[in-house]
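> model the following, please.
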Amino acid sequence: LEKRVLPLVVVERAPDALKVGEALREAGLNAMEIAFRTEAAAEAIGLAAKAFPDMAVGAGTVLSTGQLGRAVDAGAAFIVSPGLNAAVSEAAGRAGVPYFPGVATPTEIERAMALGHRTLKFFPAEALGGVKTLKAIAGPYAPAGIRMIPTGGVNDGNAAGYLALPLVAAVGASWMTDTRLVAAGDWAEMTRRARHMLALAAG
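Predicted coordinates for the structure are as follows:
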C-alpha cells in the first residue's frame with residue numbers, strides 16, 4: 001500500500017479482472033482488492049495474481065473462513081473484511097496472509113489491537129463521519145501505531161482530505177473501478193481515474 005491507493009474491484013466475469021488490472025497498472029498502481037461479492041471472485045483473484053506478479057492482488061468483503069480459504073488458495077496477497085471477524089483473523093494468521101479487518105468504533109479498534117492488528121479498514125467511512133471522525137480517533141490511537149484504510153464513499157471529491165491525515169495508510173475506493181466502467185469496457189476512463197487518485201495521494 002505504499003502508493004496509498006487501494007482500488008476496490010467487483011467483477012461478474014473473472015476475465016474482466018485482467019482488463020481491470022491492466023488499466024490500473026497503466027496508471028501506475030500496484031495493488032487491487034477483488035471483492036467476494038460475486039461468484040467470480042475467487043477465479044478472478046487467481047487469474048489476476050498469476051497475470052500480474054508485480055501487483056498485490058487481495059481479497060475483499062471476506063466474511064468467513066471458507067471465503068478466506070478460497071482466496072488464499074487462489075493466491076490472494078492480503079485479506080480485507082468490512083467488519084472484525086475473529087475467526088477470519090485467526091485463519092489469516094495460520095495462513096500467513098495479512099488481514100485488514102473493518103472497524104467503526106473505538107471498541108472495535110481495541111478488539112482489533114488485541115488480535116494483533118494495526119492496519120484497519122475504517123468502514124463505512126463517509127457514513128461514520130469521514131475525516132472529522134478519523135481526526136478524533138487519531139488522538140488516542142495514532143500513538144499506538146494504528147493506521148486506517150478509509151473505505152465507503154471515498155471518491156475524487158473527498159479523497160484528498162483523507163490522504164492528508166497521517167493516520168491514513170491508504171484510501172480504498174470503488175470510484176476508480178466503478179462496475180459501470182467494467183460493464184462498458186471503458187478501461188481508458190478507469191486508468192484516468194486511477195491516475196487522478198494517485199496524483200491526490202502524491203499531494
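
> buried set for the helix ranked longest in the chain?
For the chain, the longest helix by residue count, based on DSSP state H, is helix 187-202. Judged by neighbour count (16 or more other C-beta atoms under 10 Å), helix 187-202 contains these buried residues: 187, 190-191, 193-198, 200-201. Any C-beta I mention is one placed from the backbone N, CA and C, and that applies to glycine too.

> cool, stretch 67-86 as well?
67-68, 70-72, 74-82, 84-85.

> residue boundaries of the helices in this structure?
Counting by DSSP H, the chain has helices at residues 16-27, 41-51, 65-74, 86-95, 106-114, 130-141, 159-163, 179-184, 187-202.

> out of those helices, which one sits most buried?
Of these, the one with the most neighbours on average (mean count of other C-beta atoms under 10 Å) is helix 41-51, at a mean of 22.

> helices and strands around that helix, which ones?
Here helix 41-51 touches helix 16-27, strand 31-35, strand 56-60, helix 65-74, going by 3 or more C-beta pairs under 8 Å, 6 or more residues apart in numbering; DSSP states H and E.

> next, the angle from that helix to helix 16-27.
40 degrees (axes from the mean of the first three to the mean of the last three C-alpha atoms, to 10 degrees).

> phi and psi next, for residue 146.
Phi and psi for residue 146, reported as degrees, to the nearest 10, are phi -70, psi 130.

> grab the nearest non-local neighbour of it.
Distances taken as C-beta to C-beta, 6 or more residues apart in numbering put residue 118 closest to residue 146, at 5.8 Å, once the chain neighbours are dropped.

> the one you found contacts residue 147, correct?
Yes. Counting by C-beta atoms under 8 Å, residue 118 does reach residue 147; the two are 6.4 Å apart.

> show me which of the two is the more surrounded one.
residue 147 (17 against 14; other C-beta atoms under 10 Å).

> now the nearest residue to that one once chain neighbours are set aside: how far from residue 90?
Once flanking residues are discounted, residue 147 sits nearest to residue 169: 3.8 Å by C-beta to C-beta, 6+ apart. Going from residue 169 to residue 90 by C-beta to C-beta, to the nearest Å gives 23 Å.

> coming back round to it: quick one, grab the pLDDT at the residue nearest to residue 146.
pLDDT, residue 118: 98.

> count of residues packed around residue 166?
Counted with other C-beta under 10 Å, residues neighbouring residue 166 total 8.

> residues near the nearest residue to residue 172 once chain neighbours are set aside, how many?
In this structure, residue 172 finds its nearest non-sequential neighbour in residue 151, 3.4 Å apart by C-beta to C-beta, 6+ apart. Burial measure for residue 151: 26 neighbouring residues, criterion other C-beta under 10 Å.
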